[in-house]
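Asker: my questions concern the predicted model and sequence given below.
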2 protein chains.
Amino acid sequence: MYLLLVDDDGRLTRLLDHLLRQAGHTVDVAHDGRVAAALMAQGDYDLLVLDWMLPHEAGISLCQRARAEGFEGGILMLTARDALEDRLEGFAAGADDYLLKPFEPEELLARLEALGRRACRPLSQRCLQVGGWTLECDDRRVIHGERSVALTLREFQLLELLMRRAGHSVPRELIYERLWGRDQAVTDNALDATLRLLRRKLERVAARQPIETLRGLGYRFTDEA
Amino acid sequence: MYLLLVDDDGRLTRLLDHLLRQAGHTVDVAHDGRVAAALMAQGDYDLLVLDWMLPHEAGISLCQRARAEGFEGGILMLTARDALEDRLEGFAAGADDYLLKPFEPEELLARLEALGRRACRPLSQRCLQVGGWTLECDDRRVIHGERSVALTLREFQLLELLMRRAGHSVPRELIYERLWGRDQAVTDNALDATLRLLRRKLERVAARQPIETLRGLGYRFTDEA
DNA sequence: CCCAATGATTAAGGCAGCATTAAAAGCTTG
DNA sequence: CAAGCTTTTAATGCTGCCTTAATCATTGGG
């Protein structure tokens, strides 16, 4: 799952970021409404976790905008408020779920899992398709023609990111940020190694390789079939 | 990315200039408000980094003017102040982000990257168009008619500069300053060599060459189609 | 018409970015 | 805890970009 976490409490986001990554998800973090809005505009998230109180733009407003812009994934709001009218306001803005601070991280994870499983969103979220390539998110497999291969977590995350940005270059730094997080200490060529494994698997499935290197720019997924 | 750095602290600007160039960006530096305003008037920047306190004209005033003149890129303010009303004033003037001195250079870079990635900027930033020529900034390509070529970093920077000033002559010194920086020791004909490579690539894409030499004046990009 | 001066061209070397491989370190599972 | 798999590291090789240096062409002035 591909999700955006918006809260100005750095300690909280670090903790949740960590837990969600451990659960195999891909996480972006924003600490204020402005950055969140920017990421939402370009990112293609499955789930949003929005704090109510935020610098620049309130979570509720972000929620409204997301729905207005056609966002179909799940939205979970975090808030210290518990007044009924606020909850109604939240649901009216398009939120799917609510969680009152303080909460147990496990509860958030559970609710997110539930939201993610919800069939309310289109199947496109569960299988990404670009040209002749299909990425099955449920069981981490790529399909091309008659063949298919199972991917490991890292391989899957990498391919998912590239396929979501298909046709555009994805810089290496962005990949690091998405797969390992900002503060994770990981060597430069962890990416190279993962890419090598991924490419090798894709070779077993198709003659034409879809991931091209743009020297100095990053990588790009393209399928010209 | 194409950015203007305004701060009267020469040591700071030199450091940031260096780091930003290493990250593949194109940088202009100004040390006071007057020079900055002049550069802003003619330059076509993606991002501004403005110090609050400046000789001649305050950063906040520059920020306001930029927005008043229709500047749509990102603006990041640097300041030693941290009072809330100042921040609000900054945002009211049109700033997108804030950074308190002293700061870690890495943080500034990260914030600039975030600002740059923002989809809020017009598409014109992502693809420059002059006549029949289109420059794709995302994957560093020029397109002309049905054909297109990939450019390297230097080729791209050079063409970007010329196309932004399309119709006007661009002196060689300006190109040196933009591509290599003031203090970078680089031989004269680094430019010639780069231009040669660029022209050769453009030949593969169109019969009519758009970059003309104005002896003693510089170069000019024109497209008469 | 010749001579600086300016720009054009070409080939070659150094270097940074990326690729590749093997092996070590972590995890998971029975 | 041992086996098997995934993830990360370290070391090394390779490719292509950038810059340089040397040489050639063109322009405008004396």
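Answerer: Yep, that arrived. Numbers count the residues shown, from 1 in each chain, chains lettered A, B, ... in the order given.

Asker: for chain A, just list every one of the helices.
Answerer: In chain A, the helices defined using DSSP state H lie at A:10-22, A:33-42, A:59-68, A:84-92, A:105-117, A:153-164, A:172-180, A:189-203.

Asker: could those go into JSON lines alongside mean neighbour count and distance to DNA strand D?
Answerer: Every residue, glycine included, has its C-beta placed from N, CA and C. Rendered in JSON lines, the data for these read as follows (neighbours: other CB atoms under 10 Å in any protein chain shown; distance: least, CB to the nearest atom of the strand, whole Å):
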{"stretch": "helix A:10-22", "mean neighbour count": "16", "distance to DNA strand D": "10"}
{"stretch": "helix A:33-42", "mean neighbour count": "20", "distance to DNA strand D": "23"}
{"stretch": "helix A:59-68", "mean neighbour count": "20", "distance to DNA strand D": "30"}
{"stretch": "helix A:84-92", "mean neighbour count": "14", "distance to DNA strand D": "36"}
{"stretch": "helix A:105-117", "mean neighbour count": "15", "distance to DNA strand D": "19"}
{"stretch": "helix A:153-164", "mean neighbour count": "20", "distance to DNA strand D": "3"}
{"stretch": "helix A:172-180", "mean neighbour count": "17", "distance to DNA strand D": "6"}
{"stretch": "helix A:189-203", "mean neighbour count": "15", "distance to DNA strand D": "4"}
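
Asker: least reliable of those by average pLDDT, please.
Answerer: Per-stretch mean pLDDT for these is lowest at helix A:84-92 (a mean of 63).

Asker: just checking, A:G59 touches A:L78?
Answerer: Yes - between A:G59 and A:L78 there is a contact under CB atoms under 8 Å: 7.4 Å.

Asker: spit out the residues that contact these two alike.
Answerer: A:50-52 (CB atoms under 8 Å, 6 or more residues apart in numbering or on different chains).

Asker: domain ranges for chain A?
Answerer: A:2-117, A:126-221 (automatic domain parsing).

Asker: circling back: rank the shared contacts of A:G59 and A:L78 by pLDDT and give me only the lowest.
Answerer: Comparing these by pLDDT, A:W52 comes last, at 83.

Asker: nearest residue to it other than its sequence neighbours?
Answerer: Leaving aside its sequence neighbours, A:W52 sits nearest to A:T79 (CB to CB, 6 or more residues apart in numbering or on different chains; 3.7 Å).

Asker: how about the contacts made by the one you found?
Answerer: A:51-53, A:59, A:86, A:90, A:98-101.

Asker: any idea how far DNA strand C is from it?
Answerer: Distance of A:T79 to DNA strand C, given as CB to the nearest atom of the strand, to the nearest Å: 32 Å.

Asker: try A:L5
Answerer: 21 Å.

Asker: now for that residue, how many residues are close by?
Answerer: 26 (other CB atoms under 10 Å in any protein chain shown).

Asker: pLDDT at it, what is it?
Answerer: Looking at A:L5, its pLDDT reads 92.

Asker: correct me, but it touches A:L19?
Answerer: No - using CB under 8 Å, A:L5 is not in contact with A:L19, being 10.5 Å away.

Asker: if we can go back for a sec, scan the shared contacts of A:G59 and A:L78 and report the most crowded one.
Answerer: Result: A:L50 is most packed of the shared contacts of A:G59 and A:L78 (other CB under 10 Å), 28 neighbours.

Asker: so it bridges to which residues?
Answerer: Here A:L50 sits in beta bridges with A:V6, A:M77, going by DSSP bridges.

Asker: got the contact list for the closest residue in space to A:L217 that isn't next to it in sequence?
Answerer: When the adjacent residues along the chain are set aside, A:L217 lies closest to A:S169, with 4.7 Å between them (CB to CB, 6+ apart). Each residue near A:S169 by CB under 8 Å, 6+ apart is listed here: A:214, A:217-220, B:138-139.

Asker: good, wrapping up.
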